[in-house]
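prediction below, plus the sequence it came from.
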Amino acid sequence: MRAAHAQGPGGGLRAREFWAIPFLSSVSPVSPAEYAAVCERLYALKARGVSFGIDRMLAFTRLLGEPERALPLIHVAGTNGKGSVSAMLASILRAAGRRTGLYTSPHLVRLGERVQVDGVALSEAEIVAYYGELAPVVAGLERDAPGEAPSFFELMTAMAFLQFARRACDVAIIEVGLGGRLDATNIIRPEVSVITSIGLDHCELLGDTLEKIAAEKAGIIKPGVPVVMGRLPLEAEAVVRAIAAERGAPLTSVREVFGEGIAAYPRAGLEGDYQRLNAATATLVVRLLAGRLGITDTHLQTGLANVSWPGRWQRTRLADGRLLVLDASHNPEGAAVLDDLLGKLVKETGRRPIVITGVLGVSRAAPLLAVVGRHAREIHLARPQQARASTFEELEALVPAEFFSRAATGGGQIHRATVEGLFPGPGVCAAGGPEDVLVVTGSIYLLGEVLARLEPDRGAGEQRLQDF
């Protein structure tokens, strides 16, 4: 299929040759067995665990010809909002007619969702072809430095860089996987670095204070590269400002440009006041790049209005006409947003919703269950198919007493359930009655499992490859 290329150290192709291989659009379809075999190999790689640091990624992409240097990039970090901001930026750039790459993680349903060009995800055939190309390079690196071969996330990041380079994208948005300073994506030198928000999450890895977490996120700031900062807690903002100043990186602040009142913030096609904060962040990024990329105010407005990002207060209708809302909310900052949205939903519908939830980790579950218990009429617990998922007992112990007081009016009940039992077929939910409003919230992994059941055209869910 391809001409032979000279081999470099570790079995990799020499600089610039590897990513210059023509785009894989002509790859032959693969059988389900071929794709399943590659997924098994990827899972084996993933099972080794997460290993932070950028040295492996630098060595890896050096053998690939540094494809990440082939096009302009935008780097997006943050506790919450980085996915939504990335989706908004991609939508705006596409509205401006720019071929746009988007790298995000984790995926909702299918692995290929992580790597998109103009909204089209990597196909199974492309994943198989990329794995076939990259596996010998990984093996060579393992031989050269046992135990230091690229991780699952690093392999997916390399696929993204290669895809965007080969597709000759005009620009690509790269979402940080976890943290920033030691994340595999932090080998890039972007046109703009973005920090959307700072909250307490992944504290065991990033630190137990807002200042420590801010320092890790701000680790993506590069000397002289402009920074856009969302509306952060003041103690986190001070850390980001100090690091930007130290590195000579010009900083633009959402708070300084748009103020504190939400009425001054732009709107987007995603629901919730917090999405207006994200839209403001995306707007400031676009203003920095508008001249170079030919982005007009019309492109900006069109892109914000048409953005789609599944699982972020996503409204849909079941086959029986009932309203179902899907919203990923998995940490204290997200729980505060959910509190506001659920309160508005109760006012809008005149009913307390039936809430289906599952979370990874008690520290995340505690603020979420406090909010759910405040607004729900009934709670169905469904554990995501992840090793870190909280148990039924852990979740039940966190439901506030006020929830049980609704038993007198027919509410206040908790049910242990499964995703398969709650969603037995496309567009069908077994929870609640004909007049009920339903909300699925908590882990993004739970939402992915639900979407795979509701919308089988998305393909079978790939839960084993979801985490990180």
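That came through fine. Just so you know, these numbers come straight off a predicted model, no measurement behind them.

and the strands in the stretch 201-350 of the chain?
Taking DSSP state E, counting those that start in this stretch to define them, one finds strands in the stretch 201-350 of the chain at 227-229, 251-253, 314-317, 323-328.

who are the contact partners of the nearest residue to residue 276 once chain neighbours are set aside?
The shortest distance from residue 276 to any non-neighbouring residue, by Cβ to Cβ, 6 or more residues apart in numbering, is to residue 265 (4.0 Å). C-beta here means a position set from N, CA and C on the backbone, and glycine is covered the same way. Residues in contact with residue 265 (Cβ atoms under 8 Å, 6 or more residues apart in numbering) are 258, 276-277, 279-280.

in CSV: these, plus neighbour count, pLDDT and distance to residue 158.
Formatted as CSV, the contacts of residue 265 follow (neighbours: other Cβ atoms under 10 Å; pLDDT from 0 to 100; distance: Cβ to Cβ, whole Å):
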residue, neighbour count, pLDDT, distance to residue 158
258, 21, 97, 37
276, 20, 97, 35
277, 25, 97, 32
279, 27, 98, 31
280, 24, 98, 33
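
which ones among those residues lie within helices?
Using DSSP state H, the subset of the contacts of residue 265 located in helices is 258, 276-277, 279-280.

could those go into TSV alongside distance to residue 336?
Formatted as TSV, those follow (distance: Cβ to Cβ, whole Å):
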residue	distance to residue 336
258	20
276	15
277	12
279	19
280	18
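
quick revisit: most widely separated two among the contacts of residue 265?
The distance between the two most remote of those (Cβ to Cβ) is 9.8 Å, for 258 and 279.

sorry, back to before: looking at the ones in helices among the contacts of residue 265, spot the one nearest residue 201.
Using Cβ to Cβ, residue 277 is the member of the ones in helices among the contacts of residue 265 that lies nearest residue 201, at 17.1 Å.

where's that closest one relative to residue 81, distance?
In this view, residue 277 and residue 81 are 7 Å apart by Cβ to Cβ, to the nearest Å.

again, but for residue 119
Separation of residue 119 from residue 81 (Cβ to Cβ) stands at 20 Å.

these two: which has the busier surroundings?
Legend: neighbour count by other Cβ atoms under 10 Å for residue 119 and residue 81, higher for residue 81 (27 against 12).

roughly how far does the more buried one sit from residue 333?
With the distance defined as Cβ to Cβ, residue 81 ends up 9 Å from residue 333.

same question, residue 447
17 Å.

show me which of the two is the more surrounded one.
Between residue 447 and residue 333, counted using other Cβ under 10 Å, the more crowded position is residue 447 (26 against 21).

need the contact list for the spatially closest residue to that one that is not a sequence neighbour.
Among residues not flanking residue 447 along the chain, residue 311 sits closest, at 4.4 Å (Cβ to Cβ, 6+ apart). Counting by Cβ under 8 Å, 6+ apart, residue 311 makes contact with 108, 326-328, 444, 447-448, 451.

of these - the most surrounded one?
Of the contacts of residue 311, with other Cβ under 10 Å as the count, residue 448 tops at 28 neighbours.

state the pLDDT value of it.
Residue 448 is assigned 93 on the pLDDT scale.

cool, and the one 4 residues further on?
For residue 452, the model assigns a pLDDT of 93.

that one reaches residue 445, doesn't it?
No. Using Cβ atoms under 8 Å, residue 452 makes no contact with residue 445, being 10.9 Å away.

what bridges to residue 102?
Assessed by DSSP bridges, residue 102 has beta-bridge partners residue 116, residue 173.

relative to residue 433, how far out is it?
40 Å.

in contact with residue 248, which residues?
For residue 248, the contact set (Cβ under 8 Å, 6+ apart) comprises 223-224.

distance of it from residue 157?
Residue 248 sits 27 Å away from residue 157, taking Cβ to Cβ as the criterion.

cool, residue 250 as well?
Relative to residue 157, residue 250 is positioned 27 Å away (Cβ to Cβ).

domain-wise, how is the protein divided?
Per automatic domain parsing, the structural domains of the chain span 9-306, 314-465.

in the stretch 351-468 of the chain, what residue spans correspond to helices?
For the stretch 351-468 of the chain, the helices defined by DSSP state H, counting those that start in this stretch cover 362-375, 392-396, 401-404, 419-422, 444-454.

I should have written the stretch 201-350 of the chain there, sorry.
Applying DSSP H, counting those that start in this stretch to the stretch 201-350 of the chain gives helices spanning 203-206, 210-217, 234-246, 254-258, 273-293, 297-306, 332-349.

now these as TSV including distance to residue 41?
As requested, those are exported to TSV (distance: least, Cβ to Cβ, whole Å):
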stretch	distance to residue 41
helix 203-206	26
helix 210-217	31
helix 234-246	39
helix 254-258	42
helix 273-293	36
helix 297-306	37
helix 332-349	33
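
out of these, the one nearest residue 32 is which?
Residue 32 lies closest to helix 297-306 among the helices of the stretch 201-350 of the chain, at 33.9 Å (Cβ to Cβ).

what's in contact with that closest one?
Helix 297-306 has contacts (Cβ under 8 Å, 6+ apart) with 88, 91-96, 266-269, 279, 282-283, 286.

using CSV, write out every CA atom in that helix.
Extracted in CSV, the C-alpha atoms of helix 297-306 (Å, rounded to 0.1, in the frame of the first residue of the first chain):
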residue,chain,number,x,y,z
ASP,A,297,-17.9,38.0,13.7
THR,A,298,-20.5,36.1,11.5
HIS,A,299,-18.3,33.0,11.7
LEU,A,300,-18.0,33.4,15.4
GLN,A,301,-21.8,33.7,16.0
THR,A,302,-22.6,30.9,13.6
GLY,A,303,-20.1,28.6,15.2
LEU,A,304,-21.3,29.3,18.7
ALA,A,305,-25.0,28.9,17.7
ASN,A,306,-24.4,25.5,16.0
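
now the angle from that helix to helix 273-293?
For helix 297-306 against helix 273-293, the angle by axes from the mean of the first three to the mean of the last three Cα atoms, to 10 degrees is 150 degrees.

can you pull out the low-pLDDT segments for the stretch 51-200 of the chain?
For the stretch 51-200 of the chain, no stretch has pLDDT under 70.

which stretches of it form helices?
55-63, 82-95, 124-144, 152-166.

next, the angle helix 124-144 makes with the first one.
Taking the same axes, to 10 degrees, one finds helix 55-63 and helix 124-144 inclined to each other by 110 degrees.

buried stuff in helix 55-63?
For helix 55-63, burial by neighbour count (16 or more other Cβ atoms under 10 Å) applies to 56-57, 59-61, 63.

same question for stretch 461-468.
Buried positions in stretch 461-468, judged by neighbour count with 16+ other Cβ under 10 Å: 461-463, 465-467.

same check on stretch 193-213?
Neighbour-count burial for stretch 193-213, with 16+ other Cβ under 10 Å as criterion, is recorded at 193-202, 206-207, 210, 213.
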